[in-house]
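Engineer: Turn this into a structure:
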Amino acid sequence: MTIPRISVLIATADRPELLAGCLKSLSATRFTEAEVLILDQSRNAPAFPAGDANGPAFRYFRCARRGKSAALNLGLKEARAPWLAFTDDDCLVAADWLEVIGRTALETGTGSVLTGRVVAETPEGEAVKAPSLRENGRETTYTSPTFRDVLFGNNMVIPANILRAAGAFDEGLGPGTAAQAAEDNDLGYRLLRAGVPIRYLPTMVVTHRSWRRAPDQVRLYRGYGVGQGTFYGKHLHRGDLHMAARMVKNVWEAGLDLGGAIVLGRRQDVLSSWAFARGLVRGFVHAAWSGNRERAGAATLMEGR
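Structural biologist: Below is the predicted model:
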């Protein structure tokens with residue numbers, strides 16, 4: 001059996017149409033040394049029939065435990081390649097995405113993590129523009145923690161040995177848990193603290209589909225806030241004072257965003273900013289007090305993605 005160079009991990013739950021689009025984009029690649037692991041947490045029948053693919057080899061897994069982090073940790077155990085690539089089921093990868101990863105991996109070696117550009121698709125129907133975007137056109141390498149998150153879970157590549165050494169994903173964070181988000185932010189922070197550089201490549205492109213309507217987007221931003229606050233509070237509970245400073249900065253920025261949206265009369269931005277700020281404080285207070293111990297299990301469906 002030929003061992004692939006890249007394993008692509010995709011956690012999914014109850015979104016078969018979105019997943020189909022993601023897999024179709026992966027099937028369009030010319031890169032043949034890859035496998036795709038579909039980590040399905042859907043309630044009912046499999047969201048995608050195993051073996052139905054024309055591009056990279058597709059491997060299908062049913063995940064009994066809820067939570068994106070739990071699914072990705074299962075994928076980490078099952079993946080065969082030395083490089084692990086991650087995207088979400090509501091994303092479309094560029095036709096050369098795997099080729100860029102494969103080429104850069106050879107140049108970089110196994111000591112760096114890669115992340116890339118995330119752009120928004122044109123809104124579908126009555127949907128609003130997708131969040132979690134990164135459109136910087138300049139390549140950057142991060143070598144230590146900063147006051148911003150630099151690793152995006154819908155477009156990142158990590159050497160398998162580094163991810164396993166880092167302790168994988170925190171299963172108390174991310175979609176499908178009460179914390180709802182920030183599993184990628186937490187991982188990126190832990191990697192930088194461990195001295196692992198993160199390299200941003202504008203040529204490694206993923207498109208985030210704009211499929212959510214406005215009320216769903218507001219709920220999503222609240223989940224983002226809860227997850228981010230939980231991430232900060234978790235590390236503060238462990239004595240990391242850097243996270244207290246990050247929380248103060250994030251609250252200040254959220255207030256500025258809210259004030260600007262009010263002044264400009266942007267109702268959707270007002271609702272989203274307020275939802276994020278409320279979630280941020282809630283997640284932080286709970287985790288700073290408890291260390292997120294009560295959030296260790298997956299409590300909800302994967303709604304926050």
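
Engineer: burial count for K129?
Structural biologist: 14 (other C-beta atoms under 10 Å). C-beta: built from backbone N, CA, C; applies to glycine.

Engineer: pLDDT score for it?
Structural biologist: What the model reports as pLDDT for K129 is 93.

Engineer: Just say helix, strand or coil for it.
Structural biologist: Three-state call for K129 (DSSP: H, G, I helix; E, B strand; the rest coil): coil.

Engineer: Relative to L271, how far out is it?
Structural biologist: 14 Å (C-beta to C-beta, to the nearest Å).

Engineer: Please apply the same query to D170.
Structural biologist: Taken as C-beta to C-beta, the span from D170 to L271 is 29 Å.

Engineer: And Y221, by the same measure?
Structural biologist: From Y221 across to L271, the span is 8 Å (C-beta to C-beta).

Engineer: nearest residue to the residue nearest to the spatial centre of the chain other than its sequence neighbours?
Structural biologist: For the chain, G153 is the residue whose C-alpha lies nearest the centre (C-alpha atoms, centre = their mean; 2.4 Å). Spatial nearest neighbour of G153, excluding adjacent residues (C-beta to C-beta, 6 or more residues apart in numbering): D184 at 3.2 Å.

Engineer: surely the one you found meets L151?
Structural biologist: Yes: the pair formed by D184 and L151 meets the contact definition of C-beta atoms under 8 Å, at 5.4 Å.

Engineer: Looking at the two, which has the bigger crowd around it?
Structural biologist: D184 (27 against 23).

Engineer: is it true that the more buried one lies in a helix?
Structural biologist: Yes: assessed by three-state DSSP, D184 belongs to a helix.

Engineer: And the helices in the chain?
Structural biologist: 16-27, 68-78, 97-108, 160-166, 183-193, 214-237, 242-264, 267-290 (DSSP state H).

Engineer: Just put those helices in JSON lines and tack on mean pLDDT and distance to Y200.
Structural biologist: Shown next, in JSON lines, are these (pLDDT from 0 to 100; distance: least, C-beta to C-beta, whole Å):
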{"stretch": "helix 16-27", "mean pLDDT": "94", "distance to Y200": "21"}
{"stretch": "helix 68-78", "mean pLDDT": "96", "distance to Y200": "21"}
{"stretch": "helix 97-108", "mean pLDDT": "91", "distance to Y200": "11"}
{"stretch": "helix 160-166", "mean pLDDT": "93", "distance to Y200": "17"}
{"stretch": "helix 183-193", "mean pLDDT": "96", "distance to Y200": "11"}
{"stretch": "helix 214-237", "mean pLDDT": "96", "distance to Y200": "20"}
{"stretch": "helix 242-264", "mean pLDDT": "94", "distance to Y200": "20"}
{"stretch": "helix 267-290", "mean pLDDT": "94", "distance to Y200": "23"}
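
Engineer: follow-up on the earlier one: which ones are touching the residue nearest to G153?
Structural biologist: Counting by C-beta atoms under 8 Å, 6 or more residues apart in numbering, D184 makes contact with 149, 151-153, 156, 174.

Engineer: and those residues, which of them are in strands?
Structural biologist: M156 (DSSP state E).

Engineer: Show me which residues of the lengthiest strand in the chain are buried.
Structural biologist: In the chain, assigned by DSSP E, the strand with the most residues is strand 198-208. By neighbour count on 16 or more other C-beta atoms under 10 Å, the buried set for strand 198-208 is 198-201, 204-208.

Engineer: about what we covered before: can you pick out the residue with more neighbours from Y221 and L271?
Structural biologist: Between Y221 and L271, Y221 has the larger neighbour count (other C-beta under 10 Å), namely 24 against 19.
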